[in-house]
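Trainee: Structure, please.
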Amino acid sequence: MKSFLLNFAKAFSPSVQRKFLPLVLQNFACYSTTSNIDQVTARISIQNQLSYAQPTFESQPDFFRNPSDVIPGISKLELKNRRRKLCSLASRYSQISNGKGLSHLIIIPASSKTYMTENIPYPFRQNSNFFYLTGCYEPEAVLVLTISRDGEQIHSLFLNDPDPVSDLWDGRKTSPTAAIEHLGLDQAFLLSGFDSYVCDFAVSTDRKFLVWCEDRTLFERIRTNFLSSSEIRQIQSPKGIIHSLRVIKSPGEIELMRTSARIASEAFQSVINFCSKRCLQNDPISEHQIWAKIDYECRVRGAERLAYPPVVASGPRANIIHYVHNTNLCRKNDMVLVDAGCEFFGYCSDITRTFPLTSKFTNDHQRSLYELVLDIQQNLIRRVEPGISLEQLFRAMGPLLLKGLQELGILDNSIDTSLGSTELALRFCPHHVSHYLGMDVHDTSTIERHEPLQPGMVITVEPGIYLSSLSSQRIFLTKVGREFDGIGIRIEDDVVVTPDGYDILTAPCPKSIQDIEYWGTVKPSSID
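Mentor: Modelled structure (predicted):
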């Protein structure tokens, strides 16, 4: 009855609601108190308001080009088509798996706020699947997609109820009316109506429906409240289907990733210059300063945040693949491995560069090993085209790496390769050479590495060589090879697959020895 009253009252103007709603509610004992009348009136009021708690064309015209865009370059029509495709694929999957004649309930929750300590929240980041389908920044919201037996789709969004205290501290939330108008949803409600909505749907389908939900807590609520024990089998995760959509980027998404890549590339230009200038002035420099510099340079160019905790590993610490302490002082003659990227309107970049702090490759060992890694990386990028897989790129790296190490005298030419080139190469590059990239750094995790690449996919290409006195390497190193002990080098670019090959999104980031040395000497005014 409560939901009926709210929907009934919304049909009238605000002035009529204020005049007649108390009279209507007084006919129902459960709503007869002044407090309850005030609460219902407030909820109807908030639903009728146009309140946007996220960037829009009006609030950030520097980034948006079209008033209909929810995210720069991504219109509400594109978001609606994503939801439609998800519903269609879910229906098709159920028909294949003997789910004919069922309705569908797809539930995608937003992220929740998490706290590092009482009242002190961690920076909020939206659930990528939810953001991909809605473009909504609101925490604790829930997207609900229903599909009837005859294929009719209804896209609904549930948003947090109004809370004057929360609004005072955190600002106003996106209202249901704004969600319909700006995000292109069919309907939007307050979160307090979620359970009754699901209950009504269950009743209307005679409980013959398939639930798609990846959130464990929400799943348990649905299972307990709306499904009998015999119907538990009717719950699936939509994650794989959503990932199959997300892995192919639209033109708008590719432009967002290109911008993210450009911002991060320009930040690397500034970092190389920053390090070189401090070395020239004999000023001490720490890994933490480099971290702060790249974070700052990304943010001032419009990035929301760094896409992940960066690796800033100087000297032998470059051999620690995920070294994120970033606290040590750098030595002037060290190389520094910087693995960092930024996030721009939900889309990530991911770059690794290894360079001398002075920007000058005066150490012969550093220079020759760098040229080898660069040659391997460029060779692998040239192989990127529709049809090849990440696994094939990885296997192509092994022979290139071992041959190069032998040519440098680091490995003996007569070395026993009976282990196989891939397994032996793993001793010197113990990570894969590529991963999918998009809204997440390691994007679409359910897409297998052996899947053939398609146009619109974005991947990284990131070979590395890490030389240390580890026992797994020592037995293979020559006397010359041991002189390279402590050098770790990785080079990583972001590459979009095109119909006839590839396009390097991170091309502006200095990579050749000539470019790195140039950015170490360019005047700061040329960078800003």
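
Trainee: so where do the strands sit in the stretch 251-400 of the chain?
Mentor: Taking DSSP state E, counting those that start in this stretch, the strands of the stretch 251-400 of the chain run over residues 305-306, 311-314, 335-340, 342-344, 347-348, 351-356.

Trainee: List the neighbours of the third one that are in contact with it.
Mentor: Read that as strand 335-340. 264, 267-268, 271, 275, 287, 290-291, 294, 298, 306-308, 310-315, 318, 330, 350-357, 366, 370, 487-490, 492 (Cβ atoms under 8 Å, 6 or more residues apart in numbering). Where C-beta positions appear, they are placed from N, C-alpha and C, glycine not excepted.

Trainee: The same query, at a cut-off of 6 Å, please.
Mentor: 294, 310-314, 318, 352-354, 356-357, 366, 490 (Cβ atoms under 6 Å, 6 or more residues apart in numbering).

Trainee: Redo the residues you listed as TSV? Include distance to L467, neighbour count and pLDDT.
Mentor: Converted to TSV, these look like this (distance: Cβ to Cβ, whole Å; neighbours: other Cβ atoms under 10 Å; pLDDT from 0 to 100):
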residue	distance to L467	neighbour count	pLDDT
I294	25	24	98
P310	23	23	98
V311	17	23	98
V312	20	29	98
A313	14	29	98
S314	16	23	97
A318	10	27	97
T352	17	23	98
R353	18	23	98
T354	13	26	98
P356	16	25	98
L357	19	23	97
Q366	11	19	97
R490	12	23	98
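
Trainee: which one of the residues you listed is nearest E140?
Mentor: P310 (29.4 Å; Cβ to Cβ).

Trainee: Spatially, and excluding backbone neighbours, which residue is closest to that closest one.
Mentor: Nearest non-adjacent residue to P310, counting by Cβ to Cβ, 6 or more residues apart in numbering: A340, 3.7 Å away.

Trainee: Count the neighbours of that neighbour for me.
Mentor: 26 (other Cβ atoms under 10 Å).

Trainee: Could you do F130 as well?
Mentor: 21.

Trainee: Checking my notes, it in a strand, right?
Mentor: No. Counting by DSSP: H, G, I helix; E, B strand; the rest coil, F130 is not part of a strand but helix.

Trainee: thought it was touching S111?
Mentor: No. Taking contacts as Cβ atoms under 6 Å, F130 lies outside contact range of S111: 7.3 Å.

Trainee: Name the SS class of A179, please.
Mentor: Under three-state DSSP, A179 comes out as helix.

Trainee: now it: how far from K76?
Mentor: According to Cβ to Cβ, to the nearest Å, A179 and K76 sit 10 Å apart.

Trainee: next one: C429
Mentor: 44 Å.

Trainee: and what of I254?
Mentor: 19 Å.

Trainee: With L424 instead?
Mentor: Noted for L424: a distance of 52 Å to K76, by Cβ to Cβ.

Trainee: Kindly report the same for I272.
Mentor: Applying Cβ to Cβ to I272 and K76 gives a distance of 41 Å.

Trainee: Compare these two (neighbour count), which wins?
Mentor: Using other Cβ under 10 Å, the more surrounded residue of I272 and K76 is I272, with 29 against 19.

Trainee: residue contacts, the more buried one?
Mentor: F355, S359, W519, G520.

Trainee: from memory the third one sits against S270, does it?
Mentor: No. Between W519 and S270 no contact is recorded; they are 8.4 Å apart, counting by Cβ under 6 Å.

Trainee: Counting by contacts, list what the helix or strand containing L105 packs against.
Mentor: L105 is part of strand 103-109 when elements are defined by DSSP states H and E. The contact analysis (3 or more Cβ pairs under 6 Å, 6 or more residues apart in numbering; DSSP states H and E) places strand 103-109 against strand 142-147, strand 209-213.

Trainee: Next, the angle strand 103-109 makes with the first one.
Mentor: Right, the one you point to is strand 142-147. 160 degrees (axes from the mean of the first three to the mean of the last three Cα atoms, to 10 degrees).

Trainee: ditto for the shortest one
Mentor: Orientation note: strand 209-213 sits at an angle of 20 degrees relative to strand 103-109 (the same axes, to 10 degrees).

Trainee: Could I get the phi/psi values of T460?
Mentor: phi -100, psi 160 (degrees, to the nearest 10).

Trainee: what bridges to it?
Mentor: On the basis of DSSP bridges, T460 is bridged to D494.

Trainee: Wait, it touches E492, no?
Mentor: Yes. Using Cβ under 6 Å, T460 makes contact with E492 at a distance of 5.5 Å.

Trainee: pLDDT weak spots in the stretch 401-528 of the chain?
Mentor: 416-419, 524-528 (pLDDT under 70).
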